[in-house]
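Student: kindly generate the corresponding structure for this input.
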Amino acid sequence: MEKWNQTSKDFILLGLLPPNQTGLLLLLLIIFAFVLALVGNSGITVLIFLDPRLHTPMYFLLSQLSLMDLMYISTTVPKMIYNFLSGHNSISFLGCGVQMFFFINIACSEGLILASMAYDRFVAICHPLHYPVRMSKIMCLKMITGTWILGSIHSLAYTTYALHLPYCRSRAINHFLCEIPSMMPLVCMDTSIYEYMLFVSAVLFLLFPFLGITASYGRVLFAVFHMRSKEGRKKAFTTCSTHLTVVIFYYTPFVYTYLRPKSVRSPTEDKNLAVFYTILTPMLNPIVYSLRNKEVLGAMRRVWGMLSSRKK
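Tutor: Residues are numbered from 1 along each chain as shown. As a prediction, the model looks like this:
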């Protein structure tokens with residue numbers, strides 16, 4: 001481990017991987033997941049842009065989810081790979097702040113975009129006649145804009161405050177990214193109020209949207225089971241189950257990390273759980289949406305056919 005320089009403002013990320021062959025093998029798996037996430041999420045974003053049949057509110061929201069996943073994994077993994085291969089685990093004070101800002105911003109925005117997607121499916125299935133009004137392009141644009149603005153404001157406030165705290169005990173962060181809970185033990189002042197505010201914000205940006213998602217899909221599933229058309233029931237159930245899979249992937253590790261008391265958490269647990277929402281979820285989301293969605297698969301074939309015909 002690098003020695004900590006008392007006069008330096010840089011932080012040291014202790015990382016996730018052991019500096020041996022096992023760590024190298026795990027790093028190769030992480031690089032594979034990173035490439036898969038980049039290709040999958042950028043592919044879905046481009047696909048939605050190119051195919052006019054996917055120019056609907058649901059897929060516009062999905063494109064924002066893919067964009068967020070791209071930013072999410074790009075915020076953490078490249079630095080992790082560089083630190084492991086170079087042997088230098090330091091991250092500058094500014095770099096830590098930038099990483100923290102984007103991490104909090106995307107974490108909050110993604111929860112809100114998932115809630116917007118749940119509302120979209122609720123209106124489409126339970127109130128189909130009102131769908132063109134409730135989920136118009138203007139309303140969809142307002143949802144997307146509001147999601148990014150709320151996430152940015154929230155992130156800027158918490159990042160600014162965190163960077164103004166006095167870090168005088170150590171600069172060694174027992175994590176592979178600058179995440180606020182892992183930085184609090186380094187602060188040489190009482191942070192109980194700040195940590196309480198973190199808990200409140202986790203409730204606002206995690207628990208409340210999750211409750212909204214649960215209520216929306218509960219109503220949707222009730223409506224699906226009472227559909228007379230078997231084909232309509234199957235299509236609605238497939239779409240909703242895809243969304244619910246993504247929601248479970250996203251919320252489970254976040255809730256386990258941020259809504260549990262600090263006394264029952266450990267740095268190792270937090271690091272392992274962070275792998276789910278920083279690496280695995282961005283990798284799995286495009287796979288879930290492409291393999292379980294006939295419209296996306298159809299769009300892939302159409303775009304591929306269009307590109308192939310242009311080459312000829």
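Student: contacts and neighbour counts: CA atoms only from here.
Tutor: OK.
Student: for the stretch 1-150 of the chain, which segments count as strands?
Tutor: Counting by DSSP state E, counting those that start in this stretch, one finds strands in the stretch 1-150 of the chain at the ranges 11-13, 90-91.
Student: parallel or antiparallel, list what pairs with the last one.
Tutor: This points to strand 90-91. Paired strands of strand 90-91, with direction, are strand 11-13 (antiparallel) (DSSP bridges).
Student: what lies in contact with the partner strand?
Tutor: For strand 11-13, contacts defined as CA atoms under 8 Å, 6 or more residues apart in numbering pick out 2, 4, 89-93, 96, 171-178.
Student: of those, buried ones?
Tutor: Applying 16 or more other CA atoms under 10 Å to those, the neighbour count classes Asn89, Ser90, Ile91, Cys96, Arg171, Ala172, Ile173, Asn174, His175, Phe176, Leu177, Cys178 as buried.
Student: dump these into TSV; add distance to Pro57 and pLDDT as well.
Tutor: Listed next are the buried ones among the contacts of strand 11-13 as TSV, based on distance: CA to CA, whole Å; pLDDT from 0 to 100:
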residue	distance to Pro57	pLDDT
Asn89	43	89
Ser90	42	89
Ile91	39	92
Cys96	35	93
Arg171	45	86
Ala172	44	91
Ile173	41	92
Asn174	41	91
His175	37	92
Phe176	36	93
Leu177	34	92
Cys178	34	93
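Student: so which of those sit within helices?
Tutor: If you go by DSSP state H, these have Cys96 in helices.
Student: possible to save the buried ones among the contacts of strand 11-13 as CSV with distance to Ile104?
Tutor: Putting the buried ones among the contacts of strand 11-13 into CSV (distance: CA to CA, whole Å) gives the following:
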residue, distance to Ile104
Asn89, 22
Ser90, 21
Ile91, 18
Cys96, 12
Arg171, 20
Ala172, 20
Ile173, 17
Asn174, 18
His175, 15
Phe176, 15
Leu177, 12
Cys178, 10
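Student: what are the buried residues along the helix or strand harbouring Val275?
Tutor: Val275 is part of helix 267-275 when elements are defined by DSSP states H and E. Neighbour counts using 16+ other CA under 10 Å place Asp270, Lys271, Leu273, Ala274, Val275 of helix 267-275 among the buried residues.
Student: can I get the CA coordinates of stretch 92-107 in PDB?
Tutor: Taking C-alpha atoms only, stretch 92-107 is exported to PDB below (Å, rounded to 0.1, in the frame of the first residue of the first chain):
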ATOM      1  CA  SER A  92      -6.500  13.800  -6.500                       C
ATOM      2  CA  PHE A  93      -8.700  15.900  -4.300                       C
ATOM      3  CA  LEU A  94     -10.400  17.300  -7.400                       C
ATOM      4  CA  GLY A  95     -10.700  13.900  -9.000                       C
ATOM      5  CA  CYS A  96     -12.300  12.500  -5.900                       C
ATOM      6  CA  GLY A  97     -14.800  15.400  -5.900                       C
ATOM      7  CA  VAL A  98     -15.600  14.800  -9.600                       C
ATOM      8  CA  GLN A  99     -16.100  11.100  -9.100                       C
ATOM      9  CA  MET A 100     -18.300  11.700  -6.000                       C
ATOM     10  CA  PHE A 101     -20.400  14.200  -7.900                       C
ATOM     11  CA  PHE A 102     -21.100  12.000 -10.900                       C
ATOM     12  CA  PHE A 103     -21.700   8.900  -8.600                       C
ATOM     13  CA  ILE A 104     -24.300  10.700  -6.400                       C
ATOM     14  CA  ASN A 105     -25.900  12.400  -9.400                       C
ATOM     15  CA  ILE A 106     -26.400   9.200 -11.400                       C
ATOM     16  CA  ALA A 107     -27.400   7.200  -8.400                       C
END
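Student: who are the packing partners of the helix holding Val275?
Tutor: Helix 267-275 sits against helix 230-258, with contacts defined as 3 or more CA pairs under 8 Å, 6 or more residues apart in numbering; DSSP states H and E.
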